[in-house]
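# I would like to see how this sequence folds:
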Amino acid sequence: MEEIYELIEDRIRATGYDGEEVDGFSIYDEISDEIEGKEEGSYIFMSKKTNDVYYEYKIDVYEEAFNLSYIDIHTVDRVYHVDFDAE
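Predicted coordinates:
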């Protein structure tokens, strides 16, 4: 699991986002909590991090798994896009 957390963190940093500390475990945990009990399908979740920053997650939920398609980090100045489906 550590590899997944590090992947999330590395991909976010690669966008140039230098805001709050990025924690792959917390992001994964938050997503897991949000999708618990959800039917199969595609969902967009938003999570407010500070007054000026919120994350938008696009998640595909399957019977036994999920796919984090992208994270958009919205700040006052710009949107940082992390596409996990792209190579």
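
# tell me the contacts of the spatially most central residue of the chain?
The residue lying closest to the centre of the chain (CA atoms, centre = their mean) is I71, at 4.2 Å. Residues in contact with I71 (CB atoms under 8 Å, 6 or more residues apart in numbering) are 8, 12, 27, 55-58, 81-82, 84. To be clear about C-beta, it is placed using only N, CA and C from the backbone, and glycine gets the same treatment.

# try F84
If you count contacts by CB under 8 Å, 6+ apart, F84 has them with 11, 67-71.

# quick check: the residue of the chain positioned farthest from its centre vs I35, distance?
Among the residues of the chain, the one whose C-alpha is farthest from the average of all C-alpha positions is E63, by CA atoms, centre = their mean at 19.8 Å. Here E63 is placed at a distance of 12 Å from I35 (CB to CB, to the nearest Å).

# next one: D52
Relative to I35, D52 is positioned 26 Å away (criterion: CB to CB).

# ditto for E6
Summarising the geometry, the distance separating E6 from I35, computed by CB to CB, is 21 Å.

# who has more neighbours, the two?
Each of E6 and I35 had its neighbours counted (other CB atoms under 10 Å), and the higher figure belongs to I35 (18 against 12).

# for I8, give its distance to G37.
Here the criterion is CB to CB. By it, I8 lies 23 Å from G37.

# so for the two, which sits in the more crowded spot?
Relative neighbour count places I8 above the other of I8 and G37, with 22 against 6, counting by other CB under 10 Å.

# so the more buried one touches I27, yeah?
Yes - with contact defined as CB atoms under 8 Å, I8 and I27 form a contacting pair (5.4 Å).

# quick one: the helices in this protein, in order.
Taking DSSP state H as the criterion, the chain contains helices spanning 2-14, 24-35.

# as JSON lines, those with distance to F45 and mean pLDDT would be great.
Written out in JSON lines, the entries for the helices of the chain read as follows (distance: least, CB to CB, whole Å; pLDDT from 0 to 100):
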{"stretch": "helix 2-14", "distance to F45": "15", "mean pLDDT": "95"}
{"stretch": "helix 24-35", "distance to F45": "5", "mean pLDDT": "96"}
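
# thanks a lot, see you next time.
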